[in-house]
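1. Quick one, fold the following:
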Amino acid sequence: MPKLAIVAALEREVSPLVENWRLVEREHEGKKFKFFEHGDAVLVCGGVGVEAARRATEAVIALYQPGMVQSVGFAGALDRSWRVGAILTPAMVIDAQDGSRMEPGIPGEGVLVTVAQVAGAEQKKRLAGAYGAQAVDMEAAAVAKGARTRGTAFSAVKVISDEIGFELPSMERFIGPDGRFASGRFVAFVAIRPWLWARVLRLWKNSSIAAKALCNFLAKRLKDAPEELDNSAPGVHPISKARA
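-> Purely as a prediction, here's the structure:
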């Protein structure tokens, strides 16, 4: 069984990493998942959002019994000093929905806050003020809670794909109930709205930079995974339920 289970949202976030990994399809509770296996690691792309992340976390723990579950993927910067491609390994993950705070099982720095919807520029500013966080994502808190429920160690690695002042195009309508992103529909939507072209092109370029940086970082860290897992604390540690 693998020591490390990696949970990402979308395959494009991790495609450079898993290019030569073994792909298998397995089923959990009536739902099929694609798993990428390599040595002591397994990776699953569960989809966008907390529910998709929760389902993927439960599936990979049930099917692989890993020593640690790691949430990886893109995040938005909440601090102007954080640029595209910067890596955050948070010391704290906050769920903005209920205010719960969780410490990963291995040391890190900074704060990551998880929200239910894509955060625009104004919401990023509010989140930065409310939580003192460096970045925002849509999955890490759900992965942390899923790991805690199963008594499994948790960690997170996030890469900045959009900076604090960048206004993302509206994407909620393209995320299905299963967390899958309908890229074809999104391209068709943008194609007839030329005022979005420059922003989407920038987003695409930033995403490519972020994916490469994330996968390079993960590839190096995987070499040290056995030592990290041996030194990790089990589960994740709830700090408080109070809102920031």
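2. what's the distance between R12 and L88?
-> Separation of R12 from L88 (C-beta to C-beta, to the nearest Å): 19 Å. All C-beta spots, glycine's among them, are computed from the backbone N, C-alpha and C.
3. of those two, who's got more company?
-> The neighbour count for R12 versus L88, taken as other C-beta atoms under 10 Å, is higher for L88 (23 against 18).
4. where does the more buried one land on pLDDT?
-> In this model, L88 is scored at 96, pLDDT.
5. what are the ranges of the helices in the protein?
-> 11-18, 50-64, 121-131, 140-149, 183-191, 197-223, 225-231 (DSSP state H).
6. Okay, buried residues for the longest one please.
-> By neighbour count, with 16 or more other C-beta atoms under 10 Å as the criterion, the buried positions of helix 197-223 are 200, 203, 206-207, 209-211, 213-215, 217-218, 221-222.
7. ok, now the first one?
-> With burial defined by 16+ other C-beta under 10 Å, the residues of helix 11-18 counted as buried are R12, E13, V14, P16, L17, V18.
8. pLDDT added to these, as JSON lines?
-> Formatted as JSON lines, the buried residues of helix 11-18 follow (pLDDT from 0 to 100):
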{"residue": "R12", "pLDDT": "91"}
{"residue": "E13", "pLDDT": "95"}
{"residue": "V14", "pLDDT": "96"}
{"residue": "P16", "pLDDT": "93"}
{"residue": "L17", "pLDDT": "96"}
{"residue": "V18", "pLDDT": "95"}
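9. Same list, those, but as a markdown table with distance to G184 please.
-> Below are these laid out as a markdown table (distance: C-beta to C-beta, whole Å):
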| residue | distance to G184 |
| --- | --- |
| R12 | 14 |
| E13 | 18 |
| V14 | 21 |
| P16 | 22 |
| L17 | 24 |
| V18 | 22 |
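10. Among those residues, which one sits closest to V69?
-> Of all the buried residues of helix 11-18, V69 sits closest to V14, with 14.8 Å by C-beta to C-beta.
11. Fine, thanks again, bye for now.
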